[in-house]
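[1] how would this look folded up:
(one chain, ligands or ions: 2)
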Amino acid sequence: MKKIRLVLFGFGTVGQAVYELLTTERSRILGVVNQSADQLQDKVDYDIVSIVVRDVEKYQAEFSHISHLFTTEWPSEADYDLAIELVSSAAGGDIIAQALESGKDVVSANKLALYQSAGQLETLANEHGRILRYEGAVAGAIPILQIISPLGSGEIQLIRGILNGSTNYILTRLFEDSELSVEDAIAEASKKGYLEADPTLDVGGFDALYKLGILIYMATGQYPAESDIERIGIDTLTDEAIAEAKSANKTYKLVAEADFKTGRYRVTPQLLASTDPLYGVDGSLNAVTLTHQYAGELTLQGPGAGGLETASAVISDLIYIMREGA
Ligand SMILES: NC(=O)C1=CN([C@@H]2O[C@H](COP(=O)(O)OP(=O)(O)OC[C@H]3O[C@@H](n4cnc5c(N)ncnc54)[C@H](OP(=O)(O)O)[C@@H]3O)[C@@H](O)[C@H]2O)C=CC1
Ligand SMILES: N[C@@H](CC=O)C(=O)O
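    Ligands and ions are numbered 1, 2, ... in the order given. Now for the predicted structure:
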């Protein structure tokens, strides 16, 4: 039996949900991981050995049953095998790099850190022969990254979708309820755990840009520069624009689009008619359509934000590594 010692970096919305699934769904997860392991010595088990946060006291009272796991210190290299990086800032990039350099596999959902490293983290993983996976970084629960690589038979010609759950939730609420203020809609999204620690990343369109950048990297092998992606946030939409859209039976969505034929990449609020496939994608849902040279149009839709939703994608990466790597 091989024991994988896991360290969790970050214990916010997603970190707590990952911890919850790792404990409550333990036998199901291990059942999947060990599906084809006949011998006891081929079987894999896991343990969470520590949870690294910035402020231990913030968590110790509420999570007193696991208070011994919280720390501000890295475990020593000899004491862990795999890092799950779920912190809320670019500092996640250093955590991922340090873990890879120490010969550890890494699972992350930190699109900001991944996009801003512009491929250096993937290179580092290759150089050190480690696995770096980040399904939770793009479109929450939707396994979009897992379907892009196998589409290598031909070109991906177009990616179009909604890649940010919180702004989709905010827009949906504003269109549903004319009495609701933007501030109240943002507060609702925050309460549900959809927003980034810095919400300007969501409302300014940066978060969707990072995710589109990762999808472009998966499709082409190159991260686009931020200046190559046109970005307009939903913070540019006025009350009048929303009212006019409503009276014309249209809606606004923050649409992310990479057109590989024209080379135009953009994240912009788009006024959509009811015939647009993204028109009815409401609440925190995300949807992505890939147009492929041979496969045609493939559309995936599902929750784009939220603790347990994102945790399910994080756990899928973990299952992959426990089966294939480690
Ligand atoms: N929420 C969502 O729906 C989704 C989030 N993500 C991504 O997942 C990651 C986590 O998001 P979320 O859980 O919402 O964020 P939260 O803000 O809820 O939690 C962040 C956690 O990270 C910790 N943290 C921040 N900086 C550091 C650091 N330098 N070292 C150690 N711990 C640190 C915080 O600890 P402390 O409180 O002590 O500062 C906190 O526990 C982010 O990268 C986010 O973009 C991805 C998909 C969906
Ligand atoms: N803030 C993000 C969370 C998930 O990635 C979003 O709203 O989509």
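
[2] contacts for stretch 217-235?
    115, 118-119, 145, 148-149, 156, 159, 167, 170-171, 200, 203-206, 209, 212-214, 216, 252, 254, 258, 260, 264-269 (C-beta atoms under 8 Å, 6 or more residues apart in numbering). Quick note: C-beta positions are derived from backbone N, CA and C, even for glycine.

[3] Now with 7 Å, please.
    Contact with stretch 217-235 is made by 115, 118-119, 145, 148-149, 156, 159, 167, 170-171, 203-206, 209, 212-213, 216, 254, 265-269, as judged by C-beta atoms under 7 Å, 6 or more residues apart in numbering.

[4] Now do it: distance to the chain's middle.
    Centroid separation for stretch 217-235 versus its chain: 16 Å, with C-alpha atoms, centre = their mean, to the nearest Å.

[5] Let me see the mean pLDDT of that stretch.
    What stretch 217-235 shows for mean pLDDT is 97.

[6] close to ligand 2, is that stretch?
    No. Judged by C-beta under 6 Å from any ligand atom, stretch 217-235 makes no contact with ligand 2; its nearest approach is 11.1 Å.

[7] residues from the stretch 201-326 of the chain in reach of ligand 2?
    Applying C-beta under 6 Å from any ligand atom, we find that the stretch 201-326 of the chain lies next to ligand 2 at 202, 207, 304-305.

[8] Sort out which of the residues you listed are in helices and list them.
    202, 207 (DSSP state H).

[9] Would you map the helices across the stretch 101-250 of the chain?
    Applying DSSP state H, counting those that start in this stretch to the stretch 101-250 of the chain gives helices spanning 111-116, 120-127, 144-148, 165-176, 182-191, 200-203, 206-220, 239-247.

[10] can you pull the contacts of residue 164?
    Residue 164 is in contact with 202, 207-208, 254, 304, counting by C-beta under 7 Å, 6+ apart.

[11] want to throw the residues you listed into a markdown table with pLDDT, neighbour count and distance to residue 5?
    Shown next, in a markdown table, are those (pLDDT from 0 to 100; neighbours: other C-beta atoms under 10 Å; distance: C-beta to C-beta, whole Å):
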| residue | pLDDT | neighbour count | distance to residue 5 |
| --- | --- | --- | --- |
| 202 | 98 | 28 | 34 |
| 207 | 98 | 28 | 31 |
| 208 | 99 | 33 | 35 |
| 254 | 98 | 26 | 40 |
| 304 | 98 | 31 | 31 |
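
[12] from those, which single one is nearest residue 46?
    Among these, residue 304 lies closest to residue 46 (C-beta to C-beta), at 27.4 Å.

[13] And the helix or strand that contains residue 323, what does it pack against?
    Per DSSP states H and E: residue 323 is located in helix 307-324. Applying 3 or more C-beta pairs under 7 Å, 6 or more residues apart in numbering; DSSP states H and E, one finds that helix 307-324 makes contact with helix 13-24, helix 26-33, strand 105-108, strand 132-133.

[14] Next, the buried residues of it.
    Residues of helix 307-324 classed as buried by neighbour count (16 or more other C-beta atoms under 10 Å): 307-322.

[15] Ok, which of the helices and strands packed on helix 307-324 comes nearest residue 246?
    Nearest to residue 246 among the helices and strands packed on helix 307-324 is helix 13-24 (31.1 Å), distances taken as C-beta to C-beta.

[16] what about the closest one, near ligand 2?
    No. Helix 13-24 lies apart from ligand 2 when judged by C-beta under 6 Å from any ligand atom; the minimum separation is 8.4 Å.

[17] residue with max distance from the center of the chain?
    Here the chain reaches farthest from its C-alpha mean at residue 39, the gap being 35.0 Å by C-alpha atoms, centre = their mean.

[18] Next one: that residue from ligand 2, what distance?
    As judged by C-beta to the nearest ligand atom, to the nearest Å, residue 39 and ligand 2 stand 40 Å apart.

[19] switch to numbering from 95
    Shifting the count to begin at 95 puts that one at residue 133.
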